[in-house]
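Colleague: I would like the atomic coordinates for the input below:
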Amino acid sequence: MFTITFYFLIVAYCQWLFGPHPRINVLFVPAGDIAALDRIGPQTEQRLEKALSLWATDDFAWIVVTGGITVPSNVQTVGAGKLMAQWLVERGVPQQVIISEIFALDSYENALFALYQLRDRGVRLSRIRVCLSTQLPHSLRFGVAFAARGVSMSFAPVAYARTKKWWIQPVVLEPVFLLVHLVDWYGIGPVARLNRTMRRQPRRPCRTHTSSGLFSGEL
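Modeller: Got it, this is the predicted structure:
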């Protein structure tokens, strides 16, 4: 009797370990523009409003908001992830389901630091399905970053807010950024490193890492 019970326990454990698992749906909202002073800009707000409407469907376990300090202190003194979390809480989203990442300087770090935070909460990355709430051209390079780490994803495209010269981002900049991501999946190349160096503000907190250990290492 003991042998039979033990056998079925082993089989059940193996099915749990190696078998299919329900997906954990995660809303992912990267920061965009910041308005003076420490206020999210219209592009970022568009992404948050979309995420808020999706959250109302009760299909998601977490909302990840991610972004560090990327502009001078006369505009931003707080990580964008914290500002975005405050925006969601003010609109009724429970604080305990929001993961606020405040160190990322680019889309590579947005994706990776968010995955670190989920892993630290005991979430198996193989079970995550990320829903990207951002403008479609922006989503494409995040798609590369997540696919490089084997994370399943879907898109929830957001329209660009029609600010002054809004078209520069989707028409001019995003095709260049996407090309960089297609060439450099993990953000360890010279262009990605230079971009982070240029965006990093002096005397601001940043997550310490080496490029090889952080971007190409296993999660």
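Colleague: all helices of this protein, in order?
Modeller: In the chain, the segments counted as helices under DSSP state H are 2-18, 42-55, 80-90, 107-120, 136-147, 168, 174-183, 190-199, 211-215.
Colleague: which of those helices sits closest to Ile24?
Modeller: helix 107-120 (8.4 Å; C-beta to C-beta). Every residue, glycine included, has its C-beta placed from N, CA and C.
Colleague: so which elements touch that closest one?
Modeller: strand 24-30, strand 62-66, strand 98-101, helix 136-147, helix 211-215 (3 or more C-beta pairs under 8 Å, 6 or more residues apart in numbering; DSSP states H and E).
Colleague: in CSV: those, plus distance to Arg121.
Modeller: Below are these laid out as CSV (distance: least, C-beta to C-beta, whole Å):
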stretch, distance to Arg121
strand 24-30, 10
strand 62-66, 8
strand 98-101, 8
helix 136-147, 18
helix 211-215, 19
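Colleague: out of these, deepest packed?
Modeller: Mean neighbours per residue, mean count of other C-beta atoms under 10 Å, is largest over the helices and strands packed on helix 107-120 for strand 62-66, with a mean of 27.
Colleague: CA atoms of it as PDB?
Modeller: Presented in PDB, the C-alpha positions along strand 62-66 are these (Å, rounded to 0.1, in the frame of the first residue of the first chain):
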ATOM      1  CA  TRP A  62      -0.300  41.700 -11.600                       C
ATOM      2  CA  ILE A  63       0.300  45.100 -13.100                       C
ATOM      3  CA  VAL A  64       4.000  46.000 -13.600                       C
ATOM      4  CA  VAL A  65       4.900  49.600 -14.100                       C
ATOM      5  CA  THR A  66       8.500  50.300 -14.900                       C
END
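Colleague: which one of the helices and strands packed on helix 107-120 lies nearest to Gln43?
Modeller: helix 136-147 (8.9 Å).
Colleague: now find how far off-centre the closest one is within its chain.
Modeller: Relative to its parent chain, helix 136-147 has a centroid offset of 10 Å by C-alpha atoms, centre = their mean, to the nearest Å.
Colleague: what's that helix in contact with?
Modeller: 28, 30, 32, 107-108, 110-112, 130, 132, 134, 153, 155, 157-158, 169-170, 174-175, 177-178, 180-182, 185, 187 (C-beta atoms under 8 Å, 6 or more residues apart in numbering).
Colleague: about what we covered before: tell me which of the helices and strands packed on helix 107-120 lies nearest to Lys82.
Modeller: Nearest of the helices and strands packed on helix 107-120 to Lys82, taken as C-beta to C-beta: strand 98-101 at 5.5 Å.
Colleague: list the neighbouring strands of that closest one plus their orientation.
Modeller: strand 62-66 (parallel) (DSSP bridges).
Colleague: and the strand it pairs with, what's its mean pLDDT?
Modeller: Averaged across strand 62-66, the pLDDT comes to 97.
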